[in-house]
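A.B. asks: this one's structure only:
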(Lines give C-alpha, C1' and ligand atoms only; values in the text may rest on other atoms or scores of the structure.)
Protein backbone atom coordinates (compact mmCIF):
# COMPACT_ATOMS: atom_id res chain seq x y z
CA UNK A 1 0.00 0.00 0.00
CA UNK A 2 1.48 3.27 -1.17
CA UNK A 3 -1.22 5.69 -0.20
CA UNK A 4 -3.52 6.26 2.72
CA UNK A 5 -7.08 7.03 1.61
CA UNK A 6 -8.41 10.48 2.48
CA UNK A 7 -12.17 10.78 2.95
CA UNK A 8 -14.03 14.04 2.49
CA UNK A 9 -16.99 14.63 4.76
CA UNK A 10 -18.52 18.08 4.48
CA UNK A 11 -15.86 20.65 5.33
CA UNK A 12 -13.61 17.97 6.85
CA UNK A 13 -11.01 15.53 5.62
CA UNK A 14 -10.73 12.24 7.48
CA UNK A 15 -7.71 9.99 7.53
CA UNK A 16 -7.39 6.70 9.37
CA UNK A 17 -3.92 5.27 9.58
CA UNK A 18 -4.31 1.52 9.94
CA UNK A 19 -0.71 0.40 9.61
CA UNK A 20 2.74 1.37 10.79
CA UNK A 21 3.74 3.80 8.08
CA UNK A 22 6.72 3.43 5.85
CA UNK A 23 8.43 6.80 5.40
CA UNK A 24 7.44 7.02 1.76
CA UNK A 25 3.77 6.50 2.62
CA UNK A 26 3.94 9.11 5.38
CA UNK A 27 5.46 11.67 3.01
CA UNK A 28 2.82 10.86 0.39
CA UNK A 29 0.13 11.40 3.00
CA UNK A 30 1.57 14.81 3.92
CA UNK A 31 1.52 15.83 0.24
CA UNK A 32 -1.89 14.36 -0.54
CA UNK A 33 -3.50 15.97 2.49
CA UNK A 34 -2.25 19.45 1.71
CA UNK A 35 -3.29 19.07 -1.93
CA UNK A 36 -6.74 17.91 -0.81
CA UNK A 37 -7.10 20.82 1.63
CA UNK A 38 -6.45 23.20 -1.22
CA UNK A 39 -8.66 21.37 -3.71
CA UNK A 40 -11.65 20.81 -1.44
CA UNK A 41 -11.28 23.99 0.64
CA UNK A 42 -11.53 21.81 3.72
CA UNK A 43 -11.65 23.61 7.07
CA UNK A 44 -10.58 20.71 9.21
CA UNK A 45 -8.38 17.63 9.02
CA UNK A 46 -8.90 14.69 11.37
CA UNK A 47 -6.20 12.06 11.61
CA UNK A 48 -6.96 8.87 13.50
CA UNK A 49 -3.79 7.16 14.70
CA UNK A 50 -5.44 4.62 17.03
CA UNK A 51 -3.91 1.73 15.08
CA UNK A 52 -0.41 3.22 15.06
CA UNK A 53 1.82 1.51 17.61
CA UNK A 54 5.01 3.52 17.04
CA UNK A 55 5.41 7.26 16.57
CA UNK A 56 9.07 8.19 16.33
CA UNK A 57 10.54 11.64 15.67
CA UNK A 58 10.07 11.22 11.92
CA UNK A 59 6.37 10.41 12.24
CA UNK A 60 6.00 13.15 14.85
CA UNK A 61 7.52 15.63 12.48
CA UNK A 62 5.13 14.56 9.71
CA UNK A 63 2.15 15.13 12.02
CA UNK A 64 3.53 18.55 12.99
CA UNK A 65 4.14 19.42 9.35
CA UNK A 66 0.61 18.47 8.37
CA UNK A 67 -0.79 20.66 11.15
CA UNK A 68 1.39 23.67 10.26
CA UNK A 69 0.81 23.38 6.54
CA UNK A 70 -2.94 22.96 6.99
CA UNK A 71 -3.05 26.00 9.26
CA UNK A 72 -1.36 28.09 6.59
CA UNK A 73 -4.05 26.79 4.22
CA UNK A 74 -6.73 27.86 6.73
CA UNK A 75 -7.58 24.40 8.01
CA UNK A 76 -7.23 23.01 11.54
CA UNK A 77 -5.78 19.57 12.25
CA UNK A 78 -6.77 17.24 15.07
CA UNK A 79 -4.91 14.01 15.77
CA UNK A 80 -7.07 11.49 17.60
CA UNK A 81 -6.82 8.09 19.25
CA UNK A 82 -3.20 8.08 20.31
CA UNK A 83 -2.38 4.94 22.29
CA UNK A 84 -1.31 5.62 25.90
CA UNK A 85 2.02 3.84 25.40
CA UNK A 86 2.72 6.06 22.40
CA UNK A 87 1.94 9.22 24.39
CA UNK A 88 4.24 8.15 27.24
CA UNK A 89 7.01 7.38 24.77
CA UNK A 90 6.64 10.63 22.83
CA UNK A 91 6.99 12.79 25.91
CA UNK A 92 10.07 10.92 27.09
CA UNK A 93 11.51 11.15 23.62
CA UNK A 94 11.07 14.92 23.90
CA UNK A 95 8.43 15.31 21.24
CA UNK A 96 5.38 17.10 22.58
CA UNK A 97 3.65 17.69 19.22
CA UNK A 98 3.35 21.41 19.84
CA UNK A 99 0.88 23.06 17.54
CA UNK A 100 -0.99 19.82 16.90
CA UNK A 101 -4.47 19.62 18.39
CA UNK A 102 -5.32 16.24 19.88
CA UNK A 103 -8.46 14.50 21.10
CA UNK A 104 -9.11 11.15 22.70
CA UNK A 105 -11.23 9.68 19.94
CA UNK A 106 -12.86 10.44 16.59
CA UNK A 107 -16.06 11.70 18.21
CA UNK A 108 -14.27 14.16 20.50
CA UNK A 109 -12.00 15.15 17.62
CA UNK A 110 -14.96 16.06 15.45
CA UNK A 111 -16.45 18.11 18.29
CA UNK A 112 -13.16 19.95 18.69
CA UNK A 113 -12.97 20.67 14.97
CA UNK A 114 -16.54 21.94 14.94
CA UNK A 115 -15.82 24.20 17.91
CA UNK A 116 -12.66 25.59 16.34
CA UNK A 117 -14.19 26.19 12.96
CA UNK A 118 -17.42 27.58 14.41
CA UNK A 119 -15.35 29.92 16.55
CA UNK A 120 -13.34 31.13 13.59
CA UNK A 121 -16.34 31.91 11.41
CA UNK A 122 -18.52 33.52 14.12
CA UNK A 123 -15.99 35.94 15.63
CA UNK A 124 -13.78 37.48 13.02
CA UNK A 125 -11.87 39.74 15.40
CA UNK A 126 -10.59 36.69 17.28
CA UNK A 127 -6.88 35.98 17.05
CA UNK A 128 -5.52 32.58 15.98
CA UNK A 129 -5.71 31.10 19.46
CA UNK A 130 -7.41 27.77 20.08
CA UNK A 131 -10.73 27.57 21.90
CA UNK A 132 -9.21 27.84 25.37
CA UNK A 133 -11.20 29.48 28.08
CA UNK A 134 -9.80 32.52 29.75
CA UNK A 135 -11.64 33.14 32.94
CA UNK A 136 -9.19 35.46 34.64
CA UNK B 1 25.66 -12.34 31.46
CA UNK B 2 24.13 -14.98 29.20
CA UNK B 3 23.07 -14.40 25.60
CA UNK B 4 19.97 -16.47 24.94
CA UNK B 5 19.05 -15.52 21.37
CA UNK B 6 21.11 -13.68 18.82
CA UNK B 7 20.46 -12.44 15.34
CA UNK B 8 21.86 -9.84 12.96
CA UNK B 9 19.93 -7.64 10.58
CA UNK B 10 21.40 -5.56 7.77
CA UNK B 11 19.90 -2.12 7.36
CA UNK B 12 20.55 -0.55 3.98
CA UNK B 13 17.47 1.40 3.03
CA UNK B 14 14.50 3.21 4.50
CA UNK B 15 12.19 0.25 3.73
CA UNK B 16 14.14 -1.82 6.25
CA UNK B 17 12.96 0.33 9.17
CA UNK B 18 9.48 -1.16 9.62
CA UNK B 19 10.54 -4.84 9.30
CA UNK B 20 13.37 -4.10 11.73
CA UNK B 21 10.95 -2.58 14.24
CA UNK B 22 8.74 -5.65 13.92
CA UNK B 23 11.71 -7.87 14.66
CA UNK B 24 12.50 -5.85 17.79
CA UNK B 25 8.87 -6.21 18.83
CA UNK B 26 9.08 -10.01 18.40
CA UNK B 27 12.04 -10.08 20.78
CA UNK B 28 10.33 -7.82 23.32
CA UNK B 29 7.13 -9.87 23.20
CA UNK B 30 9.12 -13.09 23.55
CA UNK B 31 10.45 -12.05 26.96
CA UNK B 32 7.06 -10.71 28.06
CA UNK B 33 7.89 -7.00 28.11
CA UNK B 34 4.97 -4.70 28.92
CA UNK B 35 3.40 -2.67 26.12
CA UNK B 36 4.83 0.63 27.37
CA UNK B 37 8.32 -0.81 27.61
CA UNK B 38 7.98 -2.42 24.19
CA UNK B 39 6.93 0.91 22.72
CA UNK B 40 9.84 2.74 24.36
CA UNK B 41 12.37 0.17 23.14
CA UNK B 42 11.02 0.07 19.59
CA UNK B 43 10.85 3.86 19.36
CA UNK B 44 14.44 4.20 20.58
CA UNK B 45 15.49 1.52 18.09
CA UNK B 46 13.65 3.35 15.33
CA UNK B 47 15.49 6.60 16.11
CA UNK B 48 18.88 4.89 16.11
CA UNK B 49 18.27 2.96 12.92
CA UNK B 50 17.20 6.18 11.21
CA UNK B 51 20.38 7.88 12.37
CA UNK B 52 22.37 5.00 10.95
CA UNK B 53 20.63 5.30 7.58
CA UNK B 54 20.91 9.06 7.49
CA UNK B 55 24.50 9.58 8.55
CA UNK B 56 26.19 6.30 7.61
CA UNK B 57 23.91 5.08 4.78
CA UNK B 58 23.13 1.99 6.78
CA UNK B 59 24.85 -0.66 8.82
CA UNK B 60 23.87 -3.67 10.84
CA UNK B 61 22.01 -4.30 14.03
CA UNK B 62 22.70 -7.19 16.39
CA UNK B 63 19.57 -8.24 18.27
CA UNK B 64 19.99 -10.26 21.43
CA UNK B 65 17.95 -11.51 24.33
CA UNK B 66 20.22 -11.42 27.34
CA UNK B 67 20.00 -12.46 30.95
CA UNK B 68 21.91 -10.89 33.83
CA UNK B 69 21.31 -11.03 37.58
CA UNK B 70 18.01 -12.84 37.07
CA UNK B 71 16.85 -10.10 34.73
CA UNK B 72 15.93 -10.66 31.10
CA UNK B 73 16.25 -7.96 28.51
CA UNK B 74 16.66 -7.06 24.87
CA UNK B 75 20.00 -5.68 23.77
CA UNK B 76 20.44 -4.01 20.41
CA UNK B 77 23.81 -3.07 18.96
CA UNK B 78 23.87 -0.66 16.03
CA UNK B 79 27.11 -0.87 14.10
CA UNK B 80 27.93 1.41 11.20
CA UNK B 81 31.00 2.31 9.23
CA UNK B 82 29.98 5.89 8.64
CA UNK B 83 31.85 9.15 9.24
CA UNK B 84 31.68 8.78 13.02
CA UNK B 85 30.85 11.49 15.55
CA UNK B 86 33.62 13.90 16.47
CA UNK B 87 31.91 15.40 19.53
CA UNK B 88 29.71 12.82 21.24
CA UNK B 89 28.87 15.19 24.10
CA UNK B 90 27.44 17.68 21.64
CA UNK B 91 25.61 14.95 19.70
CA UNK B 92 23.94 13.83 22.93
CA UNK B 93 22.43 17.28 23.54
CA UNK B 94 18.75 17.84 22.90
CA UNK B 95 18.15 19.82 19.76
CA UNK B 96 21.63 19.43 18.32
CA UNK B 97 21.72 18.12 14.77
CA UNK B 98 24.17 18.35 11.91
CA UNK B 99 21.32 17.24 9.66
CA UNK B 100 18.04 19.03 9.34
CA UNK B 101 16.23 16.90 11.90
CA UNK B 102 14.87 17.86 15.30
CA UNK B 103 17.98 16.58 17.05
CA UNK B 104 16.05 14.27 19.33
CA UNK B 105 17.38 10.95 18.07
CA UNK B 106 20.34 10.21 20.32
CA UNK B 107 19.31 11.96 23.56
CA UNK B 108 15.71 10.82 23.10
CA UNK B 109 16.72 7.21 22.56
CA UNK B 110 18.90 7.38 25.66
CA UNK B 111 15.98 8.56 27.79
CA UNK B 112 13.76 5.75 26.54
CA UNK B 113 15.92 2.76 27.45
CA UNK B 114 17.60 1.45 30.60
CA UNK B 115 21.15 1.30 29.30
CA UNK B 116 22.77 3.29 26.55
CA UNK B 117 26.34 3.27 25.31
CA UNK B 118 27.90 5.04 22.36
CA UNK B 119 31.37 4.60 20.92
CA UNK B 120 32.55 6.46 17.88
CA UNK B 121 35.75 6.99 15.98
CA UNK B 122 35.74 9.71 13.31
CA UNK B 123 36.42 8.12 9.95
CA UNK B 124 35.80 4.60 11.20
CA UNK B 125 32.24 4.42 12.41
CA UNK B 126 29.84 4.43 15.32
CA UNK B 127 28.51 1.72 17.60
CA UNK B 128 25.50 2.34 19.80
CA UNK B 129 24.33 -0.29 22.27
CA UNK B 130 21.01 -0.11 24.07
CA UNK B 131 19.52 -2.53 26.59
CA UNK B 132 16.01 -2.54 27.89
CA UNK B 133 15.09 -4.92 30.71
CA UNK B 134 11.82 -6.73 30.96
CA UNK B 135 10.98 -4.97 34.21
CA UNK B 136 12.88 -1.82 33.37
CA UNK B 137 11.49 1.27 35.11
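C.D. replies: Done, it's in. Worth saying up front: this structure is predicted, and the values here are computed from it rather than measured.
A.B. asks: how much space between the closest residue to residue A:11 other than its chain neighbours and residue A:12?
C.D. replies: In space, residue A:11 comes closest to residue A:43 once its chain neighbours are excluded; the distance is 4.2 Å by Cβ to Cβ, 6 or more residues apart in numbering or on different chains. From N, CA and C alone the C-beta is placed, and that goes for glycine too. Distance, residue A:43 to residue A:12, by Cβ to Cβ, to the nearest Å: 7 Å.
A.B. asks: shared neighbours of those two, which are they?
C.D. replies: Residues touching both residue A:43 and residue A:12 (Cβ atoms under 8 Å, 6 or more residues apart in numbering or on different chains): residue A:113.
A.B. asks: Could I get the full set of strands for the chain?
C.D. replies: In the absence of a named chain, this looks at chain A. Taking DSSP state E as the criterion, chain A carries its strands at A:6-9, A:12-16, A:44-48, A:76-80, A:101-103.
A.B. asks: You answered for a different chain; I wanted chain B.
C.D. replies: Under DSSP E, chain B gives strands at B:2-11, B:59-68, B:71-80, B:115-121, B:125-133.
A.B. asks: interface residues of chain B facing chain A?
C.D. replies: Within reach of chain A by Cβ under 8 Å from any Cβ of the partner chain, chain B has these residues: B:14-15, B:17-18, B:21-22, B:35-36, B:38-40, B:42-43, B:46-47, B:50, B:94, B:101-102, B:104-105, B:107-109, B:111-112.
A.B. asks: State which helix of chain B is the longest.
C.D. replies: Taking DSSP state H as the criterion, chain B has its longest helix at helix B:35-56.
A.B. asks: can you tell me the average pLDDT over that one?
C.D. replies: In this model, helix B:35-56 has a mean pLDDT of 94.
A.B. asks: Give me the angle between that helix and strand B:59-68.
C.D. replies: For helix B:35-56 against strand B:59-68, the angle by axes from the mean of the first three to the mean of the last three Cα atoms, to 10 degrees is 150 degrees.
A.B. asks: where's helix B:35-56 relative to the chain centroid, distance-wise?
C.D. replies: Relative to its chain's centre, helix B:35-56 lies at 5 Å (Cα atoms, centre = their mean, to the nearest Å).
A.B. asks: Show me what it is packed up against.
C.D. replies: Using 3 or more Cβ pairs under 8 Å, 6 or more residues apart in numbering or on different chains; DSSP states H and E, the elements in contact with helix B:35-56 are helix A:57-72, helix A:84-93, strand B:2-11, helix B:17-30, strand B:59-68, strand B:71-80, helix B:105-112, strand B:125-133.
A.B. asks: so where's chain B shaky on pLDDT?
C.D. replies: Within chain B, the stretches with pLDDT under 70 are B:99-103, B:137.
A.B. asks: Those residues of chain A touching chain B, which are they?
C.D. replies: Proximity of chain A to chain B, by Cβ under 8 Å from any Cβ, involves residues A:20-24, A:53-58, A:60-61, A:83-86, A:88-89, A:92-95.
A.B. asks: Among the residues you listed, name the buried ones.
C.D. replies: Buried members of these, scored by 16 or more other Cβ atoms under 10 Å in any protein chain shown, are A:20-23, A:53-58, A:60-61, A:83, A:85-86, A:88-89, A:92-95.
A.B. asks: Just list whatever residues bridge to the closest residue to residue A:7 other than its chain neighbours.
C.D. replies: Sequence neighbours aside, residue A:14 is the residue nearest to residue A:7 in space, at 4.4 Å (criterion: Cβ to Cβ, 6+ apart). Assessed by DSSP bridges, residue A:14 has beta-bridge partners residue A:7, residue A:46.
A.B. asks: Wait, residue A:14 touches residue A:33, no?
C.D. replies: No: Residue A:14 lies out of contact with residue A:33 (Cβ atoms under 8 Å); the separation is 10.6 Å.
A.B. asks: Counting neighbours, go ahead and name the busier of those two.
C.D. replies: More crowded of residue A:14 and residue A:33, by other Cβ atoms under 10 Å in any protein chain shown: residue A:33, with 25 against 18.
A.B. asks: In this structure that one contacts residue A:6, no?
C.D. replies: Yes: counting by Cβ under 8 Å, residue A:33 touches residue A:6, with 6.3 Å between them.
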